[in-house]
Structures are given as structure tokens and as C-alpha cells.
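>>> Fold the following and give me the result.
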Amino acid sequence: MAGISPQILMKSAYRSLIFFIGQRELEMQYKMNRIVAQCRQKCESMQEKFTEKLEQLHTAYQKMAKRCQMMEQEIESLSKDKQELQEKFSEKARQKRKLDEMYDQLRSEYESNKRSAIQPANNFFSRNDPDLFSNPAATMMDNRDPIRKAMKNDCFVIVTL
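Numbers count the residues shown, from 1 in each chain. Model prediction:
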């Protein structure tokens, strides 16, 4: 570079530096464009995935809303059935109480009839026969018919319902 003026050398160095800086800027811009394109592509794919997930969530939400509606209808139906069963149960309980009362009444009537109906026959029929045990001689004479004697002494009236 001997013999070249310093002004020309400075201009040449200046222009070479400007060219280098321009090349670096182009390289940086190319890299930035490539990175931006990659980021856009990633954003678009993520947006597609999020949209797909959002649609899945929306369909799941709709299914759950329908299911909840069906469950509410089922609960309503079950509560109606429960109410009907409670009414039937209360009616049957009333009938059972009534039958129990009737049973208790009949049982008490039966017991009172049973107590009043079983009495010795001598209370109903008067005896004119002499007491056989008071006179042993009379007992000997009356031994002709032992069955008649047993029936006469042990006769009871039994009334059953």
C-alpha cells in the first residue's frame, strides 16, 4: 500500500467496514426472519392444538351438561317414585295398625269368652242327687254304672269360637 494516499486508504477501509457491517446486518436479518418463521410456525401449531383442546373441552362440557340434565330428570323421577312409595307405605302402615287393633280386640273378646265359657256343669244344672262321698254305703249301691257316674261328676261345658 505504499504509494497510495492516506485519504484513499481511509475511504477504502471505510467502505470495507460498511460492506462488512451490511453483510452482518443481512446475516442477522436472515437469522431473525428464520427464527420469526419458526416462532410463527410454533405459535400456529400451538394455536391449532389449543383450538383442538378447546373443542374437546367444549364437547366434553356439552356431554356433561346433557348428562347432568338426564341425572336431574332421573332424580326427579326417583323423587316421584319415592313419594309414591312413602304414600303406599303410610297407607299399609295404617292398614296394619287397624288390623292390629282388630286382632287385639278379637283376642281380648276371645279371652273373655274363653274365661266365661269354661265353667263346671254344676253351675248350669242343679243336682238333686245326694253327695256320694258323704255316705259310703250309698256309694257302694250306686256302683252299677261307672261311666254314668264319671260323666255326672266331671261334666264341663266347653264353648269354642
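>>> The protein: helices as residue ranges?
6-117, 136-141, 146-153 (DSSP state H).
>>> for this protein, what are the low-confidence residue spans?
By pLDDT under 70, the low-scoring segments of the chain are 1, 118-161.
>>> quick revisit: any chance of TSV for the helices of the chain, columns mean neighbour count?
For glycine as for every other residue, the C-beta is placed from the backbone atoms N, C-alpha and C. Converted to TSV, the helices of the chain look like this (neighbours: other CB atoms under 10 Å):
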stretch	mean neighbour count
helix 6-117	10
helix 136-141	10
helix 146-153	11
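>>> Quickly note the distance from the residue nearest in space to the middle of the chain to Glu84.
Taking CA atoms, centre = their mean, the centroid of the chain lies closest to Leu78, which sits 10.0 Å from it. Per CB to CB, to the nearest Å, Leu78 is found 11 Å from Glu84.
>>> Ala117 too?
In terms of CB to CB, Ala117 sits 48 Å off from Glu84.
>>> repeat for Asn33
75 Å.
>>> With Ile18 instead?
On the measure of CB to CB, Ile18 and Glu84 end up 96 Å apart.
>>> Could you do Ile21 as well?
Ile21 is 91 Å from Glu84, by CB to CB.
>>> Could you do His58 as well?
Here the criterion is CB to CB. By it, His58 lies 39 Å from Glu84.
>>> before we move on, what about Ala60?
Ala60 is 36 Å from Glu84, where distance means CB to CB.
>>> ok, now Ala93?
For Ala93, the distance to Glu84 - CB to CB - is 15 Å.
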